[in-house]
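In: missing the sequence, but the structure's below:
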């Protein structure tokens, strides 16, 4: 059974940093694309970042580019999202997701992903 478990969310002041983690189990993590999405209250879930399996190529939404960094540690079956210069508009539930492809295929669409974590709350105060 495939499971994704996020951790690291919390409350932080604007300008601060947080690192989210997502641990995967039940499959060969190193073969697949991993992504992060977020959903703020009253809004649709939106793409944040993705990372490829082989060459570690990354992709970011314009809203987080330059502030967030996605990375992965295949030996630990874990993907990370380092968030810096946080803004109140970054407040959301953050989800990690796994796409059973080795290369990017519509990674900005949540329908492309096969497995999802339960989410972790990030709250940025002004």
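Out: Looks like it arrived, so ask away. These numbers were taken from a predicted model, which means no experiment stands behind them.
In: what residues of stretch 57-74 count as buried?
Out: 58-61, 64, 68-70, 72 (16 or more other CB atoms under 10 Å). For every residue, glycine as well, the C-beta is placed using N, CA and C.
In: show me the strands in the chain, by range?
Out: Here the chain has its strands, by DSSP state E, at 3-7, 10-13, 18-25, 33-39, 46-51, 58-60, 68-73, 78-83, 92-99, 115-116, 120-125.
In: for the most centrally placed residue in the chain, which residues make a bridge with it?
Out: Using CA atoms, centre = their mean, the residue of the chain that lies closest to the mean C-alpha position is residue 36, 2.1 Å off. Listed beta-bridge partners, residue 36: residue 49, residue 96 (assigned using DSSP bridges).
In: from what I see, it and residue 50 are in contact.
Out: Yes. Contact criterion CB atoms under 8 Å: residue 36 and residue 50 qualify, at 7.4 Å.
In: the closest residue to residue 113 other than its chain neighbours - how many residues pack around it?
Out: Closest residue to residue 113 apart from its sequence neighbours, by CB to CB, 6 or more residues apart in numbering: residue 97 at 3.8 Å. Residue 97 has 23 neighbouring residues, counting by other CB atoms under 10 Å.
In: contact partners for residue 97?
Out: Contact partners of residue 97, counting by CB atoms under 8 Å, 6 or more residues apart in numbering, are 4, 34-37, 110, 113-117.
In: what pLDDT does it get?
Out: Note for residue 97: predicted pLDDT of 97.
In: so who does residue 80 touch?
Out: 19-22, 69-73.
In: let me fix that, I meant to ask about residue 101.
Out: With CB under 8 Å, 6+ apart, residue 101 has these contacts: 32-33, 112.
In: what about 7 Å?
Out: With contacts taken as CB atoms under 7 Å, 6 or more residues apart in numbering, residue 101 has the following neighbours: 32-33.
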